[in-house]
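> need a structure here:
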Amino acid sequence: QVQLVESGGGLVQAGGSLRLSCAASVRTFSSYIVGWFRQAPGKERQFVAAISRYSGSPYYADSVKGQFTISRDNAKNTVYLQMNSLRSEDTAVYYCAASSRLGMLNRGTSYDYWGQGTQVTVSS
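Just a heads-up that it's a prediction; the model follows:
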């Protein structure tokens, strides 16, 4: 069983930055594909970014390309989401998810483990 804990959310002004962290309870976290999703009030969950296992190739939703950066520190069993130039439409609860199997990176059903989420609020 993998436990994921997100942190780093908060209230930020438009144009500001935040870095989210997703810490895992397993030392083999480097072997997991990790994704970030977000869900705004009244909207469906949306794929944001994912990172492959080990070397960590990144993948992004078109809406965040050039704005967000996903990375991983395998020594710390942690995946990060650096969010820059934040806009009000980025306001959502952000979730990290992990999977040990291959699947469609942008689909929530591809992931077996989820964190509890962290709130990101961007004020305009």
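> around Phe37, count how many other residues there are.
Phe37 has 24 neighbours, counted by other C-beta atoms under 10 Å. (Each C-beta comes from the backbone N, C-alpha and C, glycine too.)
> again, but for the one 3 residues further on
Under the neighbour criterion other C-beta under 10 Å, Ala40 is assigned a count of 14.
> so it touches Tyr94, yeah?
No - judged on C-beta atoms under 8 Å, Ala40 makes no contact with Tyr94 at a distance of 10.3 Å.
> against Asn74, how distant is the residue most central in space within the chain?
The chain has Trp36 as the residue nearest its centroid, 2.5 Å off, counting by C-alpha atoms, centre = their mean. Trp36 is 17 Å from Asn74, where distance means C-beta to C-beta, to the nearest Å.
> and what of Ala14?
33 Å.
> how about the secondary structure of Val63?
Quick fix: residue 63 reads Ser, not Val. helix (DSSP: H, G, I helix; E, B strand; the rest coil).
> pLDDT (mean, whole number) over stretch 89-99?
Mean pLDDT, computed over stretch 89-99, is 97.
> ok, Gly16 - contacts?
Neighbour list for Gly16: Leu86, Val122 [criterion: C-beta atoms under 8 Å, 6 or more residues apart in numbering].
> how about a cut-off of 10 Å?
Gly10, Met83, Asn84, Ser85, Leu86, Val122, Ser123 (C-beta atoms under 10 Å, 6 or more residues apart in numbering).
> just Tyr113 next, same as before
1-4, 24-26, 32, 34, 96-100.
> swap the cut-off to 6 Å and go again
Val2, Leu4, Ala98 (C-beta atoms under 6 Å, 6 or more residues apart in numbering).
> are any of those residues buried, and which?
Among the contacts of Tyr113, those classed as buried by 16 or more other C-beta atoms under 10 Å are Val2, Leu4, Ala98.
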